[in-house]
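Colleague: Quick one, fold the following:
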Amino acid sequence: MYKKTGALAASLATIFSTSVLAAVPQGYPADYQKVIDAGTKEGKVVVYSTTDIKAAGPLIKGFEAQYPGIKVEYNDMNSTELYNRYISEQASGGGSGDVVWSSSMDTGLKLATEYAAEYATPELDKLPKWAVWQQKAYGTTYEPVVFIYNKRLIPQGDVPDSHSALAKLIAGQTDKFKGKVTTYDIEKSGLGFMLAVQDYKADKDYFKTLADVAKGGLTVQSSTGTMMERVSSGENFIGFNILGSYAEARAKGDPSLGISYPKDYVLVLSRVSFISDGAEHNNAAKLWFDYVLSEKGQTILANQSDIPSLRNDIEGKNDIDGMTKLLGSALKPIPVDESLLEYLEPKKRLDFIKQWRTAAAK
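Modeller: Numbering: from 1, shown residues only. Prediction:
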């Protein structure tokens, strides 16, 4: 009997200590405690993400410190792998991600149209309206898309500051840039395809610009990390349509890597996230989702992971206000709305890829 009483007391102590540590965030409704208690009982949240584990690490650590009874099972994949795996698991009815978090905004939204639960996060009024779709899919970051270059091999006076300047630089020195320009393989990277489509929408002469950029020949890759590595080593001289967040993080410790923000237009990517309808760990998923969008979570992303925040109340310059002061009207945030789905229609997608390949082969 003493053993049973002791075990019960220990169990109650654990529950009590967890409850004290996992307090309702300031400004949240009082009944949010029910979500915390239910999420703690679930014990984990399964996240499917394209954000690499190194960048997400501080966020995971912060979340698990705030909710010590919940572990994050984090699955880091490229955008195409995430999409195919999630679709397959939904079709088979097996276990899957509780939360999807994808840099490929179009395929992320497509998944949300079919599989997202509607959820009005308590952080809703802190987010830009363009970043919220039907309270199902949410943008979570504010990431300019940039050029990168090798500082040893590209003189400062030659660094392009616009898409047209990039095209002019390469078209004017095709021998120098033969096989030395890198970007995404739009057939293997969902993110690469989405960014190419957004370039097309932003630049009325897009395919001509692409043809000039490709005059030295393009080397295409499926990941940002590979492109940065190749430019840093000098295997490639320059890269375009690179996520500025990853480039800025790499450049801090890599003196060879330069970054240029184009002045004609700067696409701004916002990683799309949603909670799965019927998520096995539904309450823990809400806690993770809200934490990512909260001031605390966004501060971690901005100041520890080098991923700019889409909020304007984050300490430091790595948020929407800081980016606006730096780049002004050149910024073109990609909205989280149905316009993302246009080129996912099979025929339109195929036709676009054919046009892209034709221009890139010139």
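Colleague: going forward, measure contacts between C-alpha atoms and count neighbours the same way
Modeller: OK.
Colleague: if you skip the residues just before and after it, what's nearest to residue 230?
Modeller: If the residues on either side of it in the chain are set aside, residue 230 comes closest to residue 236, at 5.4 Å by CA to CA, 6 or more residues apart in numbering.
Colleague: for that neighbour, helix, strand, or coil?
Modeller: Local secondary structure at residue 236 is given as coil here, using DSSP: H, G, I helix; E, B strand; the rest coil.
Colleague: Which residue ranges of this structure form helices?
Modeller: Taking DSSP state H as the criterion, the chain carries its helices at 2-21, 32-42, 53-66, 79-92, 105-115, 163-171, 190-202, 206-213, 224-233, 244-251, 282-293, 295-303, 320-327, 346-360.
Colleague: Those: lowest mean pLDDT?
Modeller: Among these, helix 2-21 carries the lowest mean pLDDT, at a mean of 46.
Colleague: Can I get the helices of the chain in JSON lines including distance to residue 335 and mean neighbour count?
Modeller: As requested, these are arranged in JSON lines below (distance: least, CA to CA, whole Å; neighbours: other CA atoms under 10 Å):
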{"stretch": "helix 2-21", "distance to residue 335": "37", "mean neighbour count": "12"}
{"stretch": "helix 32-42", "distance to residue 335": "29", "mean neighbour count": "18"}
{"stretch": "helix 53-66", "distance to residue 335": "23", "mean neighbour count": "17"}
{"stretch": "helix 79-92", "distance to residue 335": "18", "mean neighbour count": "16"}
{"stretch": "helix 105-115", "distance to residue 335": "9", "mean neighbour count": "21"}
{"stretch": "helix 163-171", "distance to residue 335": "21", "mean neighbour count": "19"}
{"stretch": "helix 190-202", "distance to residue 335": "11", "mean neighbour count": "21"}
{"stretch": "helix 206-213", "distance to residue 335": "20", "mean neighbour count": "22"}
{"stretch": "helix 224-233", "distance to residue 335": "22", "mean neighbour count": "20"}
{"stretch": "helix 244-251", "distance to residue 335": "18", "mean neighbour count": "20"}
{"stretch": "helix 282-293", "distance to residue 335": "17", "mean neighbour count": "24"}
{"stretch": "helix 295-303", "distance to residue 335": "19", "mean neighbour count": "22"}
{"stretch": "helix 320-327", "distance to residue 335": "14", "mean neighbour count": "16"}
{"stretch": "helix 346-360", "distance to residue 335": "19", "mean neighbour count": "15"}
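Colleague: got these as a markdown table, with distance to residue 157 columns?
Modeller: Formatted as a markdown table, the helices of the chain follow (distance: least, CA to CA, whole Å):
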| stretch | distance to residue 157 |
| --- | --- |
| helix 2-21 | 55 |
| helix 32-42 | 55 |
| helix 53-66 | 32 |
| helix 79-92 | 36 |
| helix 105-115 | 34 |
| helix 163-171 | 11 |
| helix 190-202 | 25 |
| helix 206-213 | 18 |
| helix 224-233 | 18 |
| helix 244-251 | 19 |
| helix 282-293 | 40 |
| helix 295-303 | 31 |
| helix 320-327 | 20 |
| helix 346-360 | 26 |
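Colleague: Let me know which of those is the nearest to residue 183.
Modeller: Distances from residue 183 to each of these were compared using CA to CA; the shortest belongs to helix 224-233, at 7.1 Å.
Colleague: Now find how far off-centre the closest one is within its chain.
Modeller: Averaging C-alpha positions (CA atoms, centre = their mean, to the nearest Å) puts helix 224-233 18 Å from its chain's average.
Colleague: now the angle from it to helix 190-202?
Modeller: 80 degrees (axes from the mean of the first three to the mean of the last three CA atoms, to 10 degrees).
Colleague: Which other helices and strands does helix 224-233 contact?
Modeller: Other elements packing on helix 224-233 under the criterion 3 or more CA pairs under 8 Å, 6 or more residues apart in numbering; DSSP states H and E are strand 143-150, strand 181-184, strand 238-243, strand 257-260.
Colleague: Just put those in TSV and tack on distance to residue 117.
Modeller: Converted to TSV, the helices and strands packed on helix 224-233 look like this (distance: least, CA to CA, whole Å):
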stretch	distance to residue 117
strand 143-150	25
strand 181-184	31
strand 238-243	28
strand 257-260	38
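Colleague: Make JSON lines out of these and add mean neighbour count, distance to residue 273 and mean pLDDT.
Modeller: Conversion of those to JSON lines gives the following (neighbours: other CA atoms under 10 Å; distance: least, CA to CA, whole Å; pLDDT from 0 to 100):
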{"stretch": "strand 143-150", "mean neighbour count": "26", "distance to residue 273": "15", "mean pLDDT": "97"}
{"stretch": "strand 181-184", "mean neighbour count": "25", "distance to residue 273": "22", "mean pLDDT": "96"}
{"stretch": "strand 238-243", "mean neighbour count": "24", "distance to residue 273": "17", "mean pLDDT": "96"}
{"stretch": "strand 257-260", "mean neighbour count": "21", "distance to residue 273": "27", "mean pLDDT": "97"}
